[in-house]
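Student: kindly return the folded structure for what I paste below:
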Amino acid sequence: MTSLRDLGLSEYEARAYRALLRTGATTAKELSRASDVPMGRVYDVLNSLEQYHLIRSQAASRPKKYVAVEPDTALDRLLESKRQELAEKAEQYENVVAELTDELDAAEPVHDQFWTAAVGADETIDLLVERLAAADDSLVMVAGTPSPQFDLDAVGNLVVDELEAALDRGVEVSMLMSPGLVDSLPESVGQSYVNRLSSAPNFRARTAENVTGVFNLIDDVEVCIEVPNPLDPGQAFAMIDLKDPEFAADLRATFDPRWEEAAPLSL
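Tutor: Alright, predicted model coming up:
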């Protein structure tokens with residue numbers, strides 16, 4: 001059950017405000033009796049409610065009287081206070097993340113070789129998006145056929161989001177696709193490409209008939225490769241992420257000639 005405490009009031013503050021709605025203008029002593037807030041606490045509670053701008057006081061009267069503002073106004077003020085509080089918290093956390101990012105990047109160990117794998121659609125998408133977000137300098141994406149385990153409409157837009165972020169941070173992005181894959185892209189993905197990626201100076205896209213398989217080459221040291229199901233080559237099975245500079249260099253040497261022969265993408 002929701003209560004005023006969910007919006008930041010204490011139990012005594014919530015009791016006092018509700019009691020003032022029932023009693024109308026009243027003194028602190030009368031409010032203490034009506035709300036069951038101890039007399040020793042009631043003035044602190046009233047001061048707090050005034051700071052929230054939930055009550056008004058009649059200072060000229062003796063004894064001093066208090067009245068509640070209308071519920072709609074009170075709730076709007078509590079909501080705005082919470083919004084400001086959350087915005088300040090978010091800014092604090094963003095500053096912490098920025099500081100920790102610099103610290104952890106400086107301490108990040110260098111692994112010459114490392115591999116991991118993700119099995120299943122959700123896990124594979126998470127791994128792909130994570131590694132795209134890790135690109136610092138260059139990103140090569142090669143796709144010959146649509147992945148049978150991905151919803152191209154949903155995943156395509158996730159990939160576009162990550163590519164746009166990569167372009168914004170200065171990553172050179174090269175995308176090579178087969179004409180068949182281009183024809184199979186949902187209209188929403190095509191529009192995202194045109195509106196969000198194609199105008200970036202560090203983005204290039206081409207098509208070639210001899211493109212097979214699906215892989216992503218990240219910073220020329222890391223490769224994400226989609227693995228087909230050995231029992232059903234038409235179905236994807238997993239994605240392997242391999243950090244191996246030598247393997248990545250061999251893959252780049254295979255990619256470059258095909259890229260040079262490819263035609264610019266036109267949607």
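Student: in the lowest-mean-pLDDT helix or strand in the chain, what counts as buried?
Tutor: The weakest-scoring helix or strand in the chain, judged by mean pLDDT, DSSP states H and E, is helix 187-192 (a mean of 72). Neighbour-count burial for helix 187-192 flags 189, 192 (criterion: 16 or more other Cβ atoms under 10 Å). Bear in mind the C-beta positions are built from the backbone N, C-alpha and C, glycine included.
Student: ok, Tyr52 touching Leu79?
Tutor: No. The pair Tyr52 / Leu79 is not scored as a contact, 11.4 Å apart, by Cβ atoms under 8 Å.
Student: neighbour count winner among the two?
Tutor: Neighbour totals were compared for Tyr52 and Leu79, and Tyr52 leads with 17 against 12 (other Cβ atoms under 10 Å).
Student: identify the residues contacting that one.
Tutor: Going by Cβ atoms under 8 Å, 6 or more residues apart in numbering, Tyr52 touches 9, 13, 74, 77-78, 81.
Student: likewise Thr207?
Tutor: 176-179, 182, 262-265.
Student: most neighbours, which of those residues?
Tutor: Of the contacts of Thr207, with other Cβ under 10 Å as the count, Met177 tops at 24 neighbours.
Student: distance-wise, check it relative to Gly156.
Tutor: Plainly put, Met177 is 12 Å away from Gly156 if you go by Cβ to Cβ, to the nearest Å.
Student: chain center to stretch 14-27, what's the gap?
Tutor: Remark: stretch 14-27 is offset 43 Å from the chain centroid, using Cα atoms, centre = their mean, to the nearest Å.
Student: where does the stretch 151-267 of the chain have low pLDDT?
Tutor: When residues are selected by pLDDT under 70, those of the stretch 151-267 of the chain lie in 151-155, 194, 232-236, 267.
Student: one more time with 90, if that's ok
Tutor: 151-161, 177-199, 207-215, 225-239, 245, 264-267 (pLDDT under 90).
Student: could you pull out the helices in it for me?
Tutor: 152-168, 179-184, 187-192, 245-261 (DSSP state H, counting those that start in this stretch).
Student: of the ones you listed, flag the one that's most buried.
Tutor: Mean neighbour count (mean count of other Cβ atoms under 10 Å) peaks for helix 152-168 among these, with a mean of 17.
Student: what is that one packed up against?
Tutor: Counting contacts by 3 or more Cβ pairs under 8 Å, 6 or more residues apart in numbering; DSSP states H and E, helix 152-168 packs against helix 121-133, strand 172-177, helix 187-192.
Student: need the ones you listed in a markdown table (columns: distance to Pro230).
Tutor: Formatted as a markdown table, the helices and strands packed on helix 152-168 follow (distance: least, Cβ to Cβ, whole Å):
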| stretch | distance to Pro230 |
| --- | --- |
| helix 121-133 | 16 |
| strand 172-177 | 25 |
| helix 187-192 | 29 |
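Student: what are the ranges of the helices in the stretch 1-150 of the chain?
Tutor: So, for the stretch 1-150 of the chain - with DSSP H, counting those that start in this stretch - the helices run 11-23, 28-35, 39-51, 71-107, 121-133.
Student: how about a markdown table for those helices, with distance to Phe247 and mean pLDDT added?
Tutor: A markdown table is the format used below for those (distance: least, Cβ to Cβ, whole Å; pLDDT from 0 to 100):
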| stretch | distance to Phe247 | mean pLDDT |
| --- | --- | --- |
| helix 11-23 | 63 | 95 |
| helix 28-35 | 72 | 94 |
| helix 39-51 | 63 | 95 |
| helix 71-107 | 24 | 90 |
| helix 121-133 | 15 | 87 |
